[in-house]
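Enquirer: Here is my input, please return the structure:
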Amino acid sequence: MTLLTWNHACSVGVRAMDDQHGILMDSINALRLALLRGAGRERISELLDEFIEFARMHFWSEEQLMEQTGFAGLEEHRAEHHRMLAGILQAAHRLQYGDGVQLRPLLCGLHQGFLHHMETFDQKYAPWLREHGVN
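Expert: Residues are numbered from 1 along each chain as shown. Here you go, the predicted model:
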């Protein structure tokens, strides 16, 4: 799995969201690095918990912007946030309680899920928010 790096395709053109996406990328990269360096489950679990807390805040921020501007795709986007978060929380729970979670597939799923979400779902709201003066 490669490091996540910022590129033009990642940008939604809303500075706060782009900054938060960068922080989420850094969090995933920190998880990857910890795994490569042989960190134990406890450290991986701590880093995953930090990612989850920031992701919750980020999802809420996105949803607030969409709600404030009347974005028609809000409910679909919110449902995707809930789906993603539920999967991450389930994996974190299994990791915390040692239910045989494989760390590499967990991290790969997080990595690919994040990229997919940014490149598909987040790109749907980007033009709408910019058209409504959010930048």
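
Enquirer: next helix or strand past the longest helix along the chain?
Expert: Longest helix of the chain, by residue count under DSSP state H: helix 41-69. Counting by DSSP states H and E, the element after helix 41-69 in chain order, helix or strand, is helix 74-96.

Enquirer: least trustworthy helix or strand in this protein by mean pLDDT?
Expert: helix 103-116 (a mean of 82; mean pLDDT, DSSP states H and E).

Enquirer: So, low pLDDT: which residues of the protein?
Expert: 1-4, 6-7, 99-101 (pLDDT under 70).

Enquirer: Now with 50, please.
Expert: Counting by pLDDT under 50, not a single residue of the chain qualifies.

Enquirer: gap between the residue nearest the centre of it and Asp49?
Expert: Nearest residue to the geometric centre of the chain (Cα atoms, centre = their mean): Phe114, 4.8 Å. Computed with Cβ to Cβ, to the nearest Å, the distance linking Phe114 and Asp49 is 16 Å. In this view, the C-beta of every residue, glycine as well, is placed from N, C-alpha and C.

Enquirer: Brilliant, that's me finished.
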